[in-house]
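> All I have is the shape, not the residue letters:
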């Protein structure tokens, strides 16, 4: 699971009001090189919830180089682009869990794949 | 020979030339003579407007000489003819000549040689006759020489045919859109009205085993199945197809559909792994009839109308269990092989994907083997499937060990999730793919609920009629958002214009304005497809 994905996931258990963002419990993280595309980064940037992204990056150990509150001009800065790119796309949670901030329910992540299936009583 | 403008991008050896009003054919021919001496073809008659001979047919002994003279005269007449229309066609010997002409002729400026006219050139092509090209159809399996293929005519009497059709159609009741089967009938046994038929089929020497799966497919006239390879891990024995109510033509192709050899673990059922006939070992059993499928249990379209919540919940649970047993388990078991039979990117899906803006976030709901992950490298794709087996296969596309990053989609991911309960935050997704998913859901209610999860592009198998697909989506749009991709009052106003309602089918509704718009409904390769947009 990449941090890009983590940024879009929200707890869907019935009745949960503040299920975003998931807390990340890291057991194993891996890194893979991804094609660097500044255009893509610029377009995806507005879709990213930045505080959630920082939180996730902190958990996955790639917080370094990411500013607290980047503005539009940050996108032009190569340093920022590289840090953003790296954290967003190149760091993967292989083993661990996503934890709902409201209920504490853990959704397992295995082989890089989060399992978001709900139990009968949760939906 | 009739011509028409060629589709954009096509290069042919014919040109459409416009702006020729008042020119003589001769003049036009002369203008283009340097480019391989094309023939001028007039549009009206579709032929080189030969003047009809008014002379009585000459006596046979003089015929040859007369013909030559006649032809010359006609040619002269043709050449002197003044073009009464605005365009004509030029037939060149070769594409290169046509292309040379296109390159040389002045664009958008008057051409002195053409009497100051501004000629317009574009490629043309022979007008294709829309009527289907008749092909020979065999009525004997032996003619085709496919091992294991058999055809039995008149397998059921007319009476039996009517009885079977009535049994299938008769359960529908009023309206008749969905064929409902009594849900209280236990799964695991084929319905009693096929038992006679099944017995006879099982007794056939080519079959010699009990049948354990049955699918009933209903096709509208003209509708059929596109070429495909069935997942042979799921269908390990003879496949028998019974055609009722109409003739059917089945086309067998070898090697073209898949495009690469299948290295599956089912060599007994795999045509691309089988040796040619001369290989005589015990495996001759492996020659399965290659007819179209009748697999899985009969699709159960249970559509409970009950009001009580308790009963609804029970029903939901039962349907979920049904799907778990007959759909999810099957896919988990066959995932790698299923993946191997699903490789083609459907063009209409590709164009939908290409219509999305850069940096869009796309939810591929029911992503299967993730084949749509890499169609565009500038999109984020969140692929989800309820089958963990398939999600794993999809995940394999994310990192190709030993290969450069350009071999994998940079911004895709796979998760295991239920289409009815998607874990995406409101407004996170710009586009949604939901391809060949709905027929895995066993009730209309469940299908509507899936559509409510902001499904934008829905491809739908032939198992369902167009009106049913559209009806589902209309209903979903009327009911408003549900959990998953747009909910909890968090209004996503991107790209929505709530007020405009356009229905591709020309239907209208007096109910509250729907939460979106149906953009397009079309039929493509045996699938009904719908593109719709959620505004809220």
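All right, it came through fine. Since this is a predicted model, take the numbers as computed values, not measurements.
> Do you know the pLDDT at residue B:273?
pLDDT, residue B:273: 57.
> Check the one 4 residues further on too.
Residue B:277 carries a pLDDT value of 39.
> Assign a three-state SS to the residue in chain A that chain B sits nearest to, would you?
Going by C-beta to the nearest C-beta, chain B is nearest to residue A:43 of chain A, at 2.4 Å. C-betas here are computed from N, CA, C, even on glycine. Residue A:43 falls in the helix class when you classify it by DSSP: H, G, I helix; E, B strand; the rest coil.
> what packs against whichever helix in chain A runs longest?
Selection of the longest helix in chain A by residue count, based on DSSP state H, yields helix A:50-60. Judged by 3 or more C-beta pairs under 8 Å, 6 or more residues apart in numbering or on different chains; DSSP states H and E, helix A:50-60 is in contact with helix A:3-8, strand A:23-31, strand A:91-99.
> how about the ones you listed in a markdown table, adding distance to residue A:51 and mean pLDDT?
Output for the helices and strands packed on helix A:50-60, formatted as a markdown table (distance: least, C-beta to C-beta, whole Å; pLDDT from 0 to 100):
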| stretch | distance to residue A:51 | mean pLDDT |
| --- | --- | --- |
| helix A:3-8 | 10 | 96 |
| strand A:23-31 | 13 | 95 |
| strand A:91-99 | 17 | 96 |
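> Tell me which of those sits most buried.
helix A:3-8 (a mean of 25; mean count of other C-beta atoms under 10 Å in any protein chain shown).
> and the nearest residue to residue A:64 once chain neighbours are set aside, how many neighbours?
Spatial nearest neighbour of residue A:64, excluding adjacent residues (C-beta to C-beta, 6 or more residues apart in numbering or on different chains): residue A:83 at 7.0 Å. Using other C-beta atoms under 10 Å in any protein chain shown, residue A:83 is surrounded by 20 other residues.
> Could you check the pLDDT of residue A:83?
So, for residue A:83, pLDDT stands at 95.
> And it, how far from residue B:4?
To residue B:4, residue A:83 is 57 Å away according to C-beta to C-beta, to the nearest Å.
> And for residue A:98?
As for residue A:98, its distance to residue B:4 is 58 Å (criterion: C-beta to C-beta).
> my guess is residue B:190 contacts residue B:216, does it?
No - counting by C-beta atoms under 8 Å, residue B:190 stays clear of residue B:216, with 10.8 Å between them.
> ok so, going back, ok, and what's touching the helix or strand that comes right after the longest helix of chain A?
Next helix or strand after helix A:50-60 toward the C-terminus (DSSP states H and E): helix A:78-85. Identification of contacts with helix A:78-85 by C-beta atoms under 8 Å, 6 or more residues apart in numbering or on different chains yields A:34, A:36, A:38, A:41, A:45, A:64, A:65, A:66, A:67, A:70, A:74, A:75.
> May I ask which of those residues has the most neighbours?
Among the contacts of helix A:78-85, the one with the most neighbours (other C-beta under 10 Å) is residue A:34, at 25 neighbours.
> what's it in contact with, if anything?
With contact taken as C-beta under 8 Å, 6+ apart, residue A:34 is in contact with A:85, A:89, A:90, B:405, B:408, B:410, B:411.
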